[in-house]
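A.B. asks: Just to be clear, the model below is a prediction. Sequence and coordinates:
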Amino acid sequence: DTAVSQTPKYLVTQMGNDKSIKCEQNLGHDTMYWYKQDSKKFLKIMFSYNNKELIINETVPNRFSPKSPDKAHLNLHINSLELGDSAVYFCASSKQGWDSPLHFGNGTRLTVT
Amino acid sequence: KNQVEQSPQSLIILEGKNCTLQCNYTVSPFSNLRWYKQDTGRGPVSLTIMTFSENTKSNGRYTATLDADTKQSSLHITASQLSDSASYICVVSALNAGNMLTFGGGTRLMVKP
């Protein structure tokens, strides 16, 4: 199936740990994104990558770092996890063009204890 | 400041009934507005896109409207089904570098039998 897939679906970890979330898309899209959805369900952009270049970074702490080994992958690394990092993280991709929709993965629920 | 506000925050209706969700925005300059459906535990999926020149667009039982003068959009669901239970998110794109997206907080719809 063509899709955006992210792993793991659930991640429970303790404060101070370092963790990674992986994302892969086989849609052939040029741009990939990471979004954070908080408890109030607002989706906020964290990063986007276009052809392996970071083009958006919305005041995200530098504990968060995106890594894109190729156009089909955009992984999210988080260092020194804090309680406030608990949220659902969504990976997405899109074609270039103003009218192209975002294609989202099914999210990774991160719980920091 | 670009903002998207949705109402109501939540809505419960009986199966078979119609409902209308509202989206007001202050995004400028306006490029397009998209409605997404987010099922529980899943990523959002695009339902429809509205551009400046479009007033109404239908996608099955979903009909979106746009009034660019008052900066309002609505999503009307006809003959609701249990599978319509989801969050509906309004996303507005600005006509600037990178087509910056502004997300609404969503309306959580529950359809009861």
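C.D. replies: Cool, got the structure.

A.B. asks: residue contacts, A:Asp30?
C.D. replies: By C-beta atoms under 8 Å, 6 or more residues apart in numbering or on different chains, the residues touching A:Asp30 are A:Asn50, A:Asn51, A:Lys71, A:Ser94, A:Lys95, A:Gln96. All C-beta atoms are positioned from the backbone trio N, CA, C, and that covers glycine.

A.B. asks: Count the neighbours of the fourth one for me.
C.D. replies: Pointing back at A:Ser94 there. Neighbourhood size, A:Ser94 [other C-beta atoms under 10 Å in any protein chain shown]: 22.

A.B. asks: try the first one
C.D. replies: By the measure other C-beta under 10 Å, the count of residues near A:Asn50 is 18.

A.B. asks: Not counting residues beside it along the chain, what's closest to it?
C.D. replies: Take A:Asn50 and drop its neighbours on the chain: the residue closest to it by C-beta to C-beta, 6 or more residues apart in numbering or on different chains is A:Thr31, 4.6 Å away.

A.B. asks: Not counting stretch A:46-57 itself, show me its contacts.
C.D. replies: For stretch A:46-57, contacts defined as C-beta under 8 Å, 6+ apart pick out A:30-36, A:45, A:58, A:60, A:64, A:66, A:68, A:70-71, A:74, A:76, A:89, A:96, B:98.

A.B. asks: can you do 7 Å?
C.D. replies: Here stretch A:46-57 makes contact (C-beta atoms under 7 Å, 6 or more residues apart in numbering or on different chains) with A:30-36, A:45, A:58, A:60, A:64, A:66, A:68, A:71, A:74, B:98.

A.B. asks: Need the CA coordinates for that stretch. CSV is fine.
C.D. replies: Backbone C-alpha positions of stretch A:46-57 (Å, rounded to 0.1, in the frame of the first residue of the first chain) are rendered in CSV as follows:
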residue,chain,number,x,y,z
MET,A,46,7.8,21.3,13.8
PHE,A,47,9.9,20.7,10.7
SER,A,48,9.6,20.2,7.0
TYR,A,49,12.2,18.9,4.6
ASN,A,50,12.3,19.5,0.9
ASN,A,51,14.8,17.4,-1.0
LYS,A,52,16.8,16.9,2.2
GLU,A,53,16.9,20.6,3.1
LEU,A,54,15.3,21.9,6.2
ILE,A,55,12.9,24.7,5.2
ILE,A,56,10.9,25.3,8.3
ASN,A,57,11.8,25.1,11.9
